[in-house]
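Participant: What follows is a predicted protein model with its sequence.
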Amino acid sequence: SKPSNKKSPTKKSPSKKKSKYLPPPPFAALEEDVEFEKGSFLDCRDNYGMWLEAEVVKLRKGEVLVHYNGWDPKWDEWIPLKHREKFAPFHRLSVHGEQEKYSMDAKVAIWSPNGLRKWFQGRITDIQHQQVKVTYDESPKNRACDYWYHYESPEICLLRDFESYQEMLRAEVVDDPAAAPLTSPTDDGKKPTSPPPPNPPHTE
């Protein structure tokens, strides 16, 4: 008999479904009223991510010039008022005190500090009062970089609690479907790696 010219159907490999994670909810502290008047004091988040005491020096259309208390005036910077995530009421987040949620070398999940809208893994390498510094490796060069988070921030959680944290967020989205969209943590669905480091204002 003649051999059949029909090609046997190729088996399709099962597609790997990418896991998806919800972004953190709004930080309640950032939704509180902040006074923007010359000479008024407020908390301001620098490019390291650390919340510092600051004073309003000048105002102009859509921007405020802040001076970080204890820092040289050369680090004063103009910040657009629309960047609401940079401001909090005075001593709301910069206040000194203790926290027991995070400890040195703890593994954590952090929301990307540079607008990538993804979760990444890191390790706590410093603690100053109620703020923790997270160190993570930059992909693909694996260059270590740092960013600070307030312990109350929804942008950080212990890595061991991350899945349960996401379950809690999903439950909230079920109640309010418009609360937050799903976002992919990485391009390949693997464990998160870090984004490029931010540009801190207090280094030359």
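Facilitator: Everything's here; your move.

Participant: Tell me who's in contact with residue 131.
Facilitator: The neighbourhood of residue 131, defined by Cβ atoms under 8 Å, 6 or more residues apart in numbering, consists of 50, 51, 93, 148, 149, 150, 151. In this view, the C-beta of every residue, glycine as well, is placed from N, C-alpha and C.

Participant: ok, the closest residue to the last one other than its chain neighbours - contacts?
Facilitator: Using Cβ to Cβ, 6 or more residues apart in numbering and skipping the chain neighbours, the partner closest in space to residue 151 is residue 99 (4.2 Å). Applying Cβ under 8 Å, 6+ apart, we find residue 99 in contact with 127, 129, 130, 151.

Participant: Okay, and which of those residues map to strands?
Facilitator: In this view, the contacts of residue 99 that belong to strands under DSSP state E are residue 127.

Participant: Mark which of the contacts of residue 99 are buried, thanks.
Facilitator: Applying a neighbour-count criterion of 16 or more other Cβ atoms under 10 Å, the buried members of the contacts of residue 99 are 127, 130, 151.

Participant: so, if you compare these, which one comes nearest to residue 159?
Facilitator: residue 151 (15.1 Å; Cβ to Cβ).

Participant: Verify the contact between that closest one and residue 130 for me.
Facilitator: Yes - in terms of Cβ atoms under 8 Å, residue 151 counts as a neighbour of residue 130; the distance is 5.3 Å.
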